[in-house]
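Q: Okay, sequence plus prediction incoming.
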Amino acid sequence: MTAPALPPSAMQARMVELLGSLAPTEGYNLTALPDVRFLRSNRPLSRAPVLYDPGIVIVCQGRKRGFLGDEVYLYDAQHYLAVSVPVPFSMETDATAEEPLLAIYFRLDFSVAAELMLQLDEQGLAAQAAPRGLMSTPMDAMLAQSVLRFLEVMRVPLEAVVLGPALVREIYFRVLTGEQGASMRNALTRQGQFGKIAKAIRKIHASFAEALDIGQLAGEAGMSPQSFHAHFKTVTATSPMQYLKSTRLHQARLIMARSEVTAAVAGSQVGYESASQFSREFKRMFGRGPAEEAERMRKAFALPDPLPSSVYVASH
């Protein structure tokens with residue numbers, strides 16, 4: 001016999017209790033699963049630039065707000081965030097030492113998502129919705145129950161390794177069939193103009209250190225430069241060259257936080273020919289010079305490699 005589901009308030013309290021113990025230290029806490037991180041933040045974080053990898057962020061306590069163009073994306077205990085393509089935006093966090101922000105980050109495993117989408121397609125589940133790169137969606141009861149079971153399993157090392165992957169797949173299923181699941185499935189299949197822009201975005205992330213220009217990226221997408229520029233901005237709320245610059249600066253910050261190289265070396269590694277231009281643009285984006293920001297990153301995320309690539313912000 002299946003145990004009755006807990007009332008929503010009790011379920012939420014249990015998730016906070018479990019995640020609080022699974023994320024004992026501030027910043028990202030590693031788990032037995034390579035694509036899952038638990039996050040704790042004991043203080044509010046002011047609005048700062050971020051660049052998330054495709055994935056799912058589920059907040060059990062506290063609140064985050066993402067800002068992209070004129071849109072505001074809330075993710076808290078009642079809403080989760082889903083990202084289908086890397087999108088640069090800004091984010092702020094509400095948290096206190098008494099009620100820290102507690103969240104789960106699932107970096108998207110495309111092979112698992114693709115297998116699920118194939119099964120859903122075979123079952124006739126249509127994906128007729130506009131594809132979107134970033135979505136904030138209300139947490140429904142079924143997803144909440146899946147998350148709670150996942151956290152219960154993650155308490156026990158053996159269960160985490162053996163049962164955890166199946167529960168991650170279940171959470172993917174809930175997201176892909178949820179309120180905005182059709183938009184995410186459509187985005188992940190990279191159809192139409194969205195798919196062409198996604199191809200150019202993959203080129204940027206694979207070759208950001210190269211001397212890319214609008215003509216090359218438009219060619220990658222199979223579009224004219226004018227059409228490419230317009231559609232790129234629709235998907236990412238920024239221009240292709242601004243997106244490339246943002247990707248380079250975020251990558252440089254990650255390089256400096258991981259390896260403690262100088263700003264000149266990091267700038268060169270991500271494609272800057274001028275160290276002064278790199279430092280100037282870095283400070284304009286992050287509000288601090290490269291050395292100061294890299295040191296703050298190291299203190300905020302005292303983690304071994306691999307530091308999750310989504311940690312492109314002060315404290316995610």
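A: All right, it came through fine.
Q: what ranges do the strands span in the stretch 1-150 of the chain?
A: For the stretch 1-150 of the chain, the strands defined by DSSP state E, counting those that start in this stretch occupy 27-30, 36-41, 45-52, 55-61, 63-68, 71-76, 79-83, 87-94, 101-107, 134-138.
Q: which stretches of the stretch 1-150 of the chain have low pLDDT?
A: For the stretch 1-150 of the chain, applying pLDDT under 70 flags the ranges 1-5, 127.
Q: Report the mean per-residue pLDDT for the helix or strand containing A218.
A: Secondary structure from DSSP states H and E places A218 in helix 214-221. Looking at helix 214-221 alone, the average pLDDT works out to 93.
Q: Next SSE downstream of it?
A: Per DSSP H and E, the first helix or strand lying C-terminal to helix 214-221 is helix 225-236.
Q: tell me which strands and helices that next one is in contact with?
A: Contacts defined by 3 or more C-beta pairs under 8 Å, 6 or more residues apart in numbering; DSSP states H and E place helix 225-236 against strand 87-94, helix 192-207, helix 214-221, helix 240-259. Where you see a C-beta, it was placed from the backbone N, CA and C, and this is true even at glycine.
Q: which outside residues touch that helix?
A: Identification of contacts with helix 225-236 by C-beta atoms under 8 Å, 6 or more residues apart in numbering yields 85, 87-88, 133, 193-194, 196-198, 200-201, 214-215, 217-218, 221, 223, 238-240, 243.
Q: Can I get that helix in CSV, CA atoms only?
A: Below are the C-alpha coordinates for helix 225-236, written out as CSV (Å, rounded to 0.1, in the frame of the first residue of the first chain):
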residue,chain,number,x,y,z
PRO,A,225,23.3,38.7,-40.4
GLN,A,226,20.2,40.9,-40.1
SER,A,227,17.8,38.1,-39.5
PHE,A,228,20.2,36.3,-37.2
HIS,A,229,20.7,39.5,-35.1
ALA,A,230,17.0,40.0,-34.7
HIS,A,231,16.2,36.4,-33.8
PHE,A,232,19.2,36.1,-31.5
LYS,A,233,17.9,39.0,-29.5
THR,A,234,14.5,37.5,-29.3
VAL,A,235,15.9,34.3,-27.7
THR,A,236,18.5,35.8,-25.4
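Q: by how many degrees do that helix and helix 214-221 diverge?
A: For helix 225-236 against helix 214-221, the angle by axes from the mean of the first three to the mean of the last three C-alpha atoms, to 10 degrees is 70 degrees.
Q: residues of helix 225-236 that come out buried?
A: By neighbour count on 16 or more other C-beta atoms under 10 Å, the buried set for helix 225-236 is P225, F228, H229, H231, F232, K233, V235, T236.
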